[in-house]
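[1] Give me a 3D structure for the following:
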Amino acid sequence: MKKRLLSSLILAGALTVSSVPFNVLAHDELGDVNIEKGERAGYSNVSVPVMEGTKNLQFLHEEAAPQMETVRADGKQNSFADVYAHKGYAYLGTHTKNGGNGGVRVFDMKDPSNPKEVAVFANNDIPGTWQEKVIVKSVNTPSFKGDLAVVSVQQLDSKNPDSKGGFLLYDVTNPTEPKKLGFYEVTKKTRGTHELYLTMQGNRAIVLAANPYADYYSHGGEKDLQVVDVSDPANPQKLWEFDPRMLEEIPDDFNGYHWNSPDGKTRPVFNHSTMIDETGKYAYVSMWDLGTVIFDISNPENPQYLGRTDFGSDQQGSAHSATLAKGGNVLIETREVYNPTKEGYEQSYGYTRIFDIKDKTNPKLLSEFKTDLVDNLEDGITFANTVHDPKVHGNTLYLSHYAGGIYAVDITDPAKPVQVGQYVPERSDVWGVFVDRNYILASDIGSGLKVLLKNNSSSTPQSQGVR
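    Numbering: from 1, shown residues only. Next comes the predicted model:
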């Protein structure tokens with residue numbers, strides 16, 4: 001079922017900033033840029049813009065930026081990755097600085113002005129790994145009832161005989177005392193599980209795991225997208241894998257990564273990220289230059305391909321992450337383009353695209369939203385100017401944007417997105433954003449957790465009805 005290439009709607013803007021050394025992670029690790037993000041020293045030709053800290057968005061203010069206390073026995077601090085919130089607790093993943101193994105750090109958010117770190121978990125389970133992504137959901141299956149955390153595990157070096165990749169499962173019903181339940185392992189030949197998502201389907205708990213390059217490095221033995229039943233967290237079972245060759249436009253000799261696309265270009269195809277709607281029925285899978293691929297997963301043993309987003313022939317695809325708006329009828333797709341001068345493509349860092357998906361077999365492009373960073377090509381190749389992750393609350397879209405901090409965008413009319421604010425901490429390097437009922441959480445790679453509150457909100461515990 002082929003989709004037509006959609007034309008581009010280019011919105012212009014520019015911002016001139018200075019730079020300092022920085023080190024970034026190219027998910028397109030087989031391409032022309034192969035460097036690590038999450039470290040502040042290294043490649044002298046890679047830089048991150050220095051932006052002045054503005055602690056206020058138009059309608060939000062920074063309520064807390066707690067000092068990250070060292071939790072490792074060797075006294076070294078890790079860099080930080082994604083952030084999630086569940087039942088009044090924040091869960092902060094860690095990245096690769098100082099050898100990884102920083103685990104997930106848990107903060108009690110009863111008083112958002114004073115988050116208290118109460119636990120760390122998944123940090124000593126598998127040597128030579130890092131724990132970037134965590135999803136926490138309330139789960140009720142025949143084998144487990146409580147709050148379940150799934151944590152991505154990636155190898156620093158796949159040649160390390162002691163490391164392995166996949167995802168860990170923890171009981172966090174009592175977040176101050178996490179308990180390990182199980183581990184799901186993917187092929188040793190790839191880094192492991194990069195991003196993942198957890199949902200309930202009736203009395204079953206299902207994880208969608210993104211294992212970049214599993215197809216390529218295992219020569220088709222394992223696939224980048226895997227559906228795993230974790231109803232018994234101690235015994236996760238793979239149900240299904242996605243083979244891109246099921247799509248008409250992918251040739252039978254496809255073996256992961258290199259795709260001779262209909263526009264005549266050779267494009268990268270791998271699974272970077274997964275997410276599932278609130279019903280547990282529809283999955284949105286970020287497959288880089290194959291776009292955001294939409295599945296009906298109501299039967300997780302046999303998901304059905306519905307449709308996918310497409311790109312103009314001058315656009316690098318780089319479908320990185322997705323979220324939904326307007327009751328699931330609008331898809332937000334962020335594109336992590338880190339090389340804005342790639343030959344044959346438009347000169348731009350990654351920006352956001354918004355689709356009408358009422359007909360999931362035929363996503364229709366409504367608009368494209370560019371921030372003031374994405375056309376700044378003066379500082380060389382850097383992740384700092386590209387968009388990263390999207391989250392939606394009501395009619396407001398929040399975008400984490402590395403050097404740009406967090407942008408707030410009014411999508412009341414998804415065809416006409418309008419920037420309404422920006423939050424930029426000092427030495428901004430914001431990886432993730434998460435919207436809870438009463439606050440916004442941000443994770444900065446270098447400095448950790450940030451808490452934002454609405455300007456008219458109280459920070460007293462009584463106002464935070466999230467327990």
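[2] just the helices in the stretch 101-250 of the chain please.
    214-217 (DSSP state H, counting those that start in this stretch).
[3] Can you say which helix or strand has residue 333 in it?
    strand 330-335 (DSSP states H and E).
[4] Sheet partners, orientation included, of that strand?
    Strand 330-335 pairs in its sheet with strand 319-325 (antiparallel), strand 352-356 (antiparallel), by DSSP bridges.
[5] Give the rounded mean pLDDT of that strand.
    For strand 330-335, mean pLDDT is 98.
[6] again with stretch 338-353
    Rounded mean pLDDT across stretch 338-353 is 93.
[7] returning to that earlier point: who wins for proximity to residue 271 among the strands paired with strand 330-335?
    strand 319-325 (9.9 Å; C-beta to C-beta). (C-beta placed from N, C-alpha, C; glycine too.)
[8] By mean pLDDT, point me to the weakest helix or strand of the chain.
    Least confident helix or strand of the chain, by mean pLDDT, DSSP states H and E, is strand 18-21 with a mean of 26.
[9] can you give me the strands for the stretch 1-150 of the chain?
    Assigned by DSSP state E, counting those that start in this stretch, the strands in the stretch 1-150 of the chain fall at 18-21, 23-25, 36-39, 47-50, 60-64, 80-86, 89-94, 104-108, 116-121, 129-130, 134-140, 145-155.
[10] now the ones you listed in a markdown table, with mean neighbour count?
    Formatted as a markdown table, those follow (neighbours: other C-beta atoms under 10 Å):
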| stretch | mean neighbour count |
| --- | --- |
| strand 18-21 | 13 |
| strand 23-25 | 21 |
| strand 36-39 | 22 |
| strand 47-50 | 21 |
| strand 60-64 | 19 |
| strand 80-86 | 24 |
| strand 89-94 | 27 |
| strand 104-108 | 24 |
| strand 116-121 | 18 |
| strand 129-130 | 28 |
| strand 134-140 | 20 |
| strand 145-155 | 24 |
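[11] Adding distance to residue 288, write those out as TSV.
    Shown next, in TSV, are these (distance: least, C-beta to C-beta, whole Å):
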stretch	distance to residue 288
strand 18-21	27
strand 23-25	14
strand 36-39	16
strand 47-50	23
strand 60-64	32
strand 80-86	18
strand 89-94	21
strand 104-108	26
strand 116-121	31
strand 129-130	21
strand 134-140	21
strand 145-155	17
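[12] Residue 384 is nearest to which of those?
    Closest among the strands of the stretch 1-150 of the chain, using C-beta to C-beta: strand 47-50, at 4.0 Å.
[13] tell me the mean pLDDT for the closest one?
    Strand 47-50 shows a mean pLDDT of 45.
[14] before we move on, what about stretch 202-222?
    Rounded mean pLDDT across stretch 202-222 is 93.
[15] where's that stretch relative to the chain centroid, distance-wise?
    16 Å (C-alpha atoms, centre = their mean, to the nearest Å).
[16] what's the first-to-last distance across it?
    For stretch 202-222, the separation between the terminal residues is 28 Å (C-alpha to C-alpha, to the nearest Å).
[17] quick one: buried residues of that stretch?
    For stretch 202-222, a neighbour-count test (16 or more other C-beta atoms under 10 Å) marks 204-218, 222 as buried.
[18] State the number of residues packed around the residue lying closest to residue 405 once chain neighbours are set aside.
    Once flanking residues are discounted, residue 405 sits nearest to residue 424: 3.6 Å by C-beta to C-beta, 6 or more residues apart in numbering. Using other C-beta atoms under 10 Å, residue 424 is surrounded by 21 other residues.
[19] Likewise for residue 297?
    Neighbour tally, residue 297, other C-beta under 10 Å: 24.
[20] residues in contact with it?
    201, 206, 208, 227, 276, 280, 281, 282, 283, 303 (C-beta atoms under 8 Å, 6 or more residues apart in numbering).
[21] Is it correct that the second one is in contact with residue 229?
    Meaning residue 206. Yes - using C-beta atoms under 8 Å, residue 206 makes contact with residue 229 at a distance of 6.2 Å.
[22] which neighbours do these two share?
    239, 300.
[23] returning to what we had before: just the buried ones out of the contacts of residue 297, please.
    Using 16+ other C-beta under 10 Å, the buried members of the contacts of residue 297 are 201, 206, 208, 227, 276, 280, 282, 283, 303.
[24] Would you mind putting the residues you listed into TSV with distance to residue 419 alongside?
    Putting those into TSV (distance: C-beta to C-beta, whole Å) gives the following:
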residue	distance to residue 419
201	37
206	36
208	31
227	37
276	28
280	33
282	28
283	29
303	36
